[in-house]
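Peer 1: whatever this is, show me its structure:
(one chain, ligands or ions: 2)
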Amino acid sequence: TDLARIRNFSIVAHIDHGKSTLADRLIQATGTVADRDMKEQILDSMDIERERGITIKANTVRLDYTARDGQAYVLNLIDTPGHVDFAYEVSRSMRAVEGSLLVVDASQGVEAQTLANVYQALDAGHEIVPVLNKIDLPAAEPDRVKAQIEDVIGLDASDAVLISAKSGLGIPDVLEAIVTRLPPPKGDREAPLKAMLVDSWYDAYLGVVVMIRVMDGVIRKGDRIRMMQTGAVYAVDRLAVLRPQMVDWPELGPGEIGVLTASIKQVRDTRVGDTITHERRPADAPLPGFKPAQPVVFCGLFPVDAADFEDLRDAIEKLALNDASFTFEMETSAALGFGFRCGFLGLLHLEVVRDRLEREYGLDLITTAPSVVYRLHMKDGTVRDLHNPADMPDPTHIDHIEEPRIKATIMVPDEYLGDVLKLCQDRRGIQLNLTYAGSRAMVEYDLPLNEVVFDFYDRLKSVTKGYASFDYHITGYREDRLVKMQILVNGEPVDALSMMVHRDRAETRGRAMVEKLKELIPRHMFQIPIQAAIGGKVIARETLSALRKDVTAKCYGGDATRKRKLLEKQKAGKKRMRQFGKVDIPQEAFISALKMD
Ligand code: GDP
Ligand code: MG
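Peer 2: Ligands and ions are numbered 1, 2, ... in the order given. Model prediction:
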């Protein structure tokens, strides 16, 4: 295709502002999918994405559009992942296109993710067309939101396209704006092949499918290609474009976006951001900006029933085929037995994986305290990464400990600002900036990542009644006074509940945890001390008193059926518990105990 007739773009928006609905309308308006095959949110293919209304994998569709100038254009829409955990994937998708539609809900205005995403688009050098959505709503205030886009983002919004993605109003203007206001791609057809690996996924029938954006050169079916970062060589079995399902295509030239299969066994063998070139006539340098996926949050996953370990292993291995960004290795815990230590890009990623293991594979899992990666500077001068508080070496050998910090951007209506500042302060935050856009405040905080991984987002939502929006990125490591806190139940350390905490907050946190555990652990026939300790020193303690009577004592011996039923009921209740020494701890305790109020 002639470069001048191609437009590549993404849609950037805060969650729920209408990105998927707009994509649906563009697909329909260009006749890409027959009306009878159309379903809502057609690009969001994974069930969990659909249910949670979030897009995790980048999805792409090639649209044919005849513009008002009478020319036929090819429009490639990349629907980027909408969550901070996937910031690197977003940055690669952004590099694959030249422009963005900035969708803002005209009844809500600019939000934290609007900003984070639009800055990424600007970083990638995009031309940006502001689109005000939901103008059908009585609460829509297009003029106010235009002014806000100009004030807060610094973009000219006078030519913003006003639409209702729901009703279809204004969609033809969006298509025309894409053609007239976004630039065509550049590239050299004669140069050696240079294509960016934008995304990859596992398909049960096709194996690994790789999405590419060609920068220079031409790729064809049968070509022998090399991944420049991994060095692996493959032959292209199949080349296709997405409409949005695969349609075979003879060749892809500069500016084009499509997918290939090449008998690649695992998604792990493909790296987002890698450069694909020809084996015979390679490009001299890969595309800049490649970064290997780096898990930032780690936790242990253990089966509730130890007999399910092999099933868990199977399930994790299958999932890993389709998700190159999560890591796992076997872990043994004194208390929990065999399980896996897994690494994730962020908390949402952790939840998605755990959800899938439980729902798609029918497993009951215990998730241990999520932990960030600490950097231990040892007295002998070596530096170690600590992924699991259970592996913490003798503190007397440690010179100092560093933890990852983030820069968080929070947007919130005025009236909740005080609560948000308090929350950030409580989480050891350092305020960097506070500005206003109309009646909304925008605050930036430097926060320790470990204070955010547990329940920061839940707390933020609850103190602001859902009106705050939040975005963050990791900025680096900094030294602080960090210690390992252990929890002892009936005198035995429960390693799954040990965690790293700031020394000044250890007492508060320890007390909160033992109080929670006292509520969550059922009473036993004996008294159970629950303690939090640093090293050998107990810093908080609760005692769970003993059950006074045998539960079956009331059944007199005579009523055997009733007695059996009662025992069965107890057994069923036990299923989701694990034994620690002589004490049964229910599964919920592991998660609930970690949440702070
Ligand atoms: P996304 O999270 O940005 O992909 O947002 P969705 O496309 O999933 O839309 C979020 C919600 O807003 C859905 O319930 C849509 O039906 C609704 N929505 C999207 N566009 C419009 C619109 O133009 N008008 C109204 N009233 N609702 C809309
Ligand atoms: Mg969506």
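Peer 1: my read: residue 128 touches residue 120, true?
Peer 2: No: counting by Cβ atoms under 8 Å, residue 120 is not a contact partner of residue 128; they are 11.1 Å apart. From N, CA and C alone the C-beta is placed, and that goes for glycine too.
Peer 1: burial of the residue of the stretch 101-250 of the chain found nearest ligand 2, as a residue count?
Peer 2: Proximity of the stretch 101-250 of the chain to ligand 2 (Cβ to the ion) peaks at residue 103, 10.3 Å away. Look at residue 103: counted by other Cβ atoms under 10 Å, it has 28 neighbours.
Peer 1: can you pull the buried residues of stretch 246-259?
Peer 2: Buried residues in stretch 246-259, defined by neighbour count with 16 or more other Cβ atoms under 10 Å: 246, 249, 252-259.
Peer 1: convert the C-alpha atoms of that stretch to CSV, please.
Peer 2: C-alpha atoms of stretch 246-259 as CSV (Å, rounded to 0.1, in the frame of the first residue of the first chain):
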residue,chain,number,x,y,z
MET,A,246,-6.9,-13.1,10.7
VAL,A,247,-7.1,-12.7,7.0
ASP,A,248,-4.1,-14.0,5.0
TRP,A,249,-2.1,-11.3,3.3
PRO,A,250,0.7,-11.7,0.7
GLU,A,251,3.2,-9.1,2.1
LEU,A,252,3.5,-6.2,4.5
GLY,A,253,5.5,-3.2,3.6
PRO,A,254,6.6,0.0,5.5
GLY,A,255,3.9,1.5,7.7
GLU,A,256,1.8,-1.7,7.7
ILE,A,257,0.6,-3.6,10.7
GLY,A,258,-0.2,-7.3,10.7
VAL,A,259,0.5,-10.6,12.3
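Peer 1: just the mean pLDDT for the strand or helix carrying residue 89, thanks.
Peer 2: In this structure, residue 89 sits in helix 87-95 according to DSSP states H and E. Per-residue pLDDT over helix 87-95 has a mean of 81.
Peer 1: repeat that for stretch 438-449.
Peer 2: What stretch 438-449 shows for mean pLDDT is 89.
Peer 1: from the chain's centre, how far out does it sit?
Peer 2: 20 Å (Cα atoms, centre = their mean, to the nearest Å).
Peer 1: same deal with stretch 379-390?
Peer 2: Worked out by Cα atoms, centre = their mean, stretch 379-390 lies 26 Å from the chain centre.
Peer 1: which residue ranges form the strands in the stretch 51-200 of the chain?
Peer 2: 59-66, 72-79, 99-105, 127-133, 161-162, 194-203 (DSSP state E, counting those that start in this stretch).
Peer 1: most tightly packed of these?
Peer 2: strand 99-105 (a mean of 26; mean count of other Cβ atoms under 10 Å).
Peer 1: how close does residue 185 sit to ligand 1?
Peer 2: Distance of residue 185 to ligand 1, given as Cβ to the nearest ligand atom, to the nearest Å: 25 Å.
Peer 1: with residue 256 instead?
Peer 2: 25 Å.
Peer 1: equivalent analysis for residue 389, please.
Peer 2: 36 Å.
Peer 1: phi, psi for that residue please.
Peer 2: Dihedral pair for residue 389: phi -50, psi -30, per degrees, to the nearest 10.
Peer 1: and what of residue 502?
Peer 2: phi -70, psi 140.
Peer 1: for it, what are its contacts?
Peer 2: Taking Cβ atoms under 8 Å, 6 or more residues apart in numbering, we find residue 502 in contact with 428, 448, 480-483.
Peer 1: residue 161 too?
Peer 2: 129-132, 170, 173-174, 177.
Peer 1: tell me which element the residue of the stretch 301-450 of the chain found nearest ligand 2 is part of?
Peer 2: Residue of the stretch 301-450 of the chain nearest ligand 2, by Cβ to the ion: residue 348 (14.1 Å). Following DSSP H and E, one finds residue 348 within helix 347-360.
Peer 1: give me phi/psi at the closest residue to residue 350 other than its chain neighbours?
Peer 2: Take residue 350 and drop its neighbours on the chain: the residue closest to it by Cβ to Cβ, 6 or more residues apart in numbering is residue 344, 4.2 Å away. Per-residue torsions, residue 344: phi -130, psi 160 (degrees, to the nearest 10).
Peer 1: tell me how many other residues crowd residue 344.
Peer 2: Residue 344 has 25 nearby residues by other Cβ under 10 Å.
Peer 1: test my guess that it contacts residue 293.
Peer 2: No: the criterion here is Cβ under 8 Å, and residue 344 misses it with residue 293 at 10.2 Å.
Peer 1: between those two, what contacts are shared?
Peer 2: Joint contacts of residue 344 and residue 293 (Cβ under 8 Å, 6+ apart) are residue 325.
Peer 1: leaving out chain neighbours, which residue sits closest to residue 340?
Peer 2: Distance criterion Cβ to Cβ, 6+ apart; nearest residue to residue 340, sequence neighbours excluded, is residue 328 at 4.6 Å.
Peer 1: follow-up on the earlier one: what comes up buried for the helix holding residue 348?
Peer 2: So helix 347-360, judged by 16+ other Cβ under 10 Å, has buried residues 347-354, 356-357.
Peer 1: how distant is the next helix or strand after it from the center of its chain?
Peer 2: Using DSSP H and E, the next helix or strand after helix 347-360 towards the C-terminus is strand 365-367. Remark: strand 365-367 is offset 19 Å from the chain centroid, using Cα atoms, centre = their mean.
Peer 1: quick one: mean pLDDT over strand 365-367.
Peer 2: Averaged over strand 365-367, pLDDT sits at 85.
Peer 1: show residues contacting it.
Peer 2: Counting by Cβ under 8 Å, 6+ apart, 299-304, 312, 336, 339, 350, 354, 357-358, 496, 578, 587, 590-591 sit against strand 365-367.
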